[in-house]
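A.B. asks: Sequence and computational prediction follow.
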Amino acid sequence: MMNSVRTFCLPILTLLFLSAAGCTHPYVRTIDAYRAAKKQGDYETARTCLADNPRVWFGKREGEGSPLRPEGGPYAEWDKEMNAKSERIGMKVRGHTVSYDFLETNDYYRLVDRQPAKIRVTYYLDDDGKIEGYLVQRLTPPNRRPPDRCCEFERWVEEKYPGMLENEETKIPANPRRWREVLVEWRNDVGLPPVE
């Protein structure tokens, strides 16, 4: 009787120990290592997690995408200036992909009174476990988001700074510091409370 209990319990205890010890899939470890190295500014280490010619796509994985660089892409400076924060929700490993959802918030959202956005990220890894690229998808279509003040802000900008929304030098994500200044000015001008 004691041997059968031991035979039954040993594999269960081993699994519990391994899960408590933080066993994670190698692909997830690669992604976490890549993100941690980027955050610390260790771009050489981050590059070791990438395959040759890695790409990033927004919306759909169509065409060749944009180059994926550890230093960041078009939104790197925007995210930094706007204090972007995200909370990872769930993680699924299927074949050579890892996907998870996250809630993103930033100062731009707060300044236009927008709710955090739910986004899905899907990483694609090669046979060597290196990141070939990733896809970023918004999960809530713009027409189904809770109301915010973005349209009010855009109307104000068109009156106060005509052409700013179409100008390549100030089109999002370009010039995030200027965007912050204009957003704060707009809130003051229309009598909205400041955003801390």
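C.D. replies: Received it, and whenever you're ready, just let me know what you need.

A.B. asks: When you work out contacts or count neighbours from here on, use the C-alpha atoms and nothing else.
C.D. replies: Noted.

A.B. asks: Looks like residue 171 contacts residue 179 (just checking).
C.D. replies: No: using Cα atoms under 8 Å, residue 171 makes no contact with residue 179, being 9.1 Å away.

A.B. asks: More neighbours: the two, which one.
C.D. replies: residue 179 (20 against 14; other Cα atoms under 10 Å).

A.B. asks: give me the number of residues near the nearest residue to that one once chain neighbours are set aside?
C.D. replies: Of all residues not flanking residue 179 in the chain, residue 170 sits nearest, at 7.6 Å (Cα to Cα, 6 or more residues apart in numbering). For residue 170, the count of nearby residues is 16 (other Cα under 10 Å).

A.B. asks: now do residue 50
C.D. replies: Residue 50 - counted by other Cα under 10 Å - has 23 other residues nearby.

A.B. asks: Name whatever forms a beta bridge with it.
C.D. replies: residue 131 (DSSP bridges).

A.B. asks: show me what contacts it?
C.D. replies: Contacts for residue 50 (Cα atoms under 8 Å, 6 or more residues apart in numbering) come out as 130-132.

A.B. asks: In JSON lines, list those residues along with distance to residue 57, pLDDT and neighbour count.
C.D. replies: What follows is the contacts of residue 50, written out as JSON lines (distance: Cα to Cα, whole Å; pLDDT from 0 to 100; neighbours: other Cα atoms under 10 Å):
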{"residue": "130", "distance to residue 57": "17", "pLDDT": "98", "neighbour count": "23"}
{"residue": "131", "distance to residue 57": "13", "pLDDT": "98", "neighbour count": "27"}
{"residue": "132", "distance to residue 57": "11", "pLDDT": "98", "neighbour count": "21"}
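
A.B. asks: Including distance to residue 166, could those residues go into a markdown table?
C.D. replies: What follows is those, written out as a markdown table (distance: Cα to Cα, whole Å):
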| residue | distance to residue 166 |
| --- | --- |
| 130 | 38 |
| 131 | 34 |
| 132 | 33 |
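
A.B. asks: nearest to residue 66, of the residues you listed?
C.D. replies: residue 132 (11.9 Å; Cα to Cα).

A.B. asks: Count the neighbours of the nearest residue to the closest one once chain neighbours are set aside for me.
C.D. replies: Nearest-residue entry for residue 132: residue 54, 4.6 Å, with adjacent residues in sequence omitted and distances by Cα to Cα, 6+ apart. Counted with other Cα under 10 Å, the neighbours of residue 54 add up to 20.

A.B. asks: now residue 31
C.D. replies: Applying other Cα under 10 Å, I find that residue 31 has 20 neighbouring residues.

A.B. asks: cool, and the one 3 residues further on?
C.D. replies: The burial count assigned to residue 34 is 23, neighbours taken as other Cα under 10 Å.

A.B. asks: Excluding chain neighbours, what is closest to it?
C.D. replies: residue 46 (4.7 Å).

A.B. asks: So which other helices or strands are in contact with the helix or strand harbouring the one you found?
C.D. replies: Assigned by DSSP states H and E, residue 46 belongs to helix 43-47. If you count contacts as 3 or more Cα pairs under 8 Å, 6 or more residues apart in numbering; DSSP states H and E, helix 43-47 packs onto helix 26-40.
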